[in-house]
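In: from the sequence below, what's the structure:
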Amino acid sequence: MKATPYSNAREPDILFVAQENRGRITDKKLEWPADLIIEVISAESVTRDRDEKFYEYQEAGVREYWVIDPRPRRKRADFWVLDAKGQYRPIPIDEDGIYRSTVMPNFWLDVNWLWQDDRPDIILTFAQIVGPEQVIAALRLMTENHSHKS
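Out: Next up is the predicted model:
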């Protein structure tokens, strides 16, 4: 992803581009920012994810930014949403441990799942949230894109 003409090229762990912004996707990269970015921290990425990317994504207009820190004794999930002034503001999870995305309607995450040893199957969980037809269509598209590149 190239969020701005002057920013570094980035490869977020997970990103989402809203339907109205699909024109940003080219054959080679995502030009301009994603609508939602999720970064998973590792020991070597703490400063990059919490500092460098935080301000870069904020400046570029990434509407929602999640930072998941699964490291032992640091298990933490932070969620930021751009406000009307273009500044990230932290969004708390609710009392049940649920975070509801502001960018993807009806998408929510039970943060407790992130720390379970026996995590739910991500494809099945996603299918329950967005619907099995959408997951099947996305998987077909991924398979077609992969076969064209091979």
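
In: so for Ile14, what's the pLDDT?
Out: In this model, Ile14 is scored at 81, pLDDT.

In: without its sequence neighbours, what residue ends up closest to it?
Out: Across the structure, with C-beta to C-beta, 6 or more residues apart in numbering as the measure, the residue nearest Ile14 apart from its sequence neighbours is Ile38 (4.0 Å). Any C-beta I mention is one placed from the backbone N, CA and C, and that applies to glycine too.

In: average model confidence for stretch 85-102?
Out: The predicted model assigns stretch 85-102 a mean pLDDT of 89.

In: stretch 109-125 now?
Out: Taken as a whole, stretch 109-125 has an average pLDDT of 67.

In: what does stretch 55-67 give?
Out: Summarised as a single mean, pLDDT over stretch 55-67 is 90.

In: mind listing what's buried in it?
Out: By neighbour count, with 16 or more other C-beta atoms under 10 Å as the criterion, the buried positions of stretch 55-67 are Glu56, Tyr57, Gln58, Ala60, Val62, Arg63, Glu64, Tyr65, Trp66, Val67.
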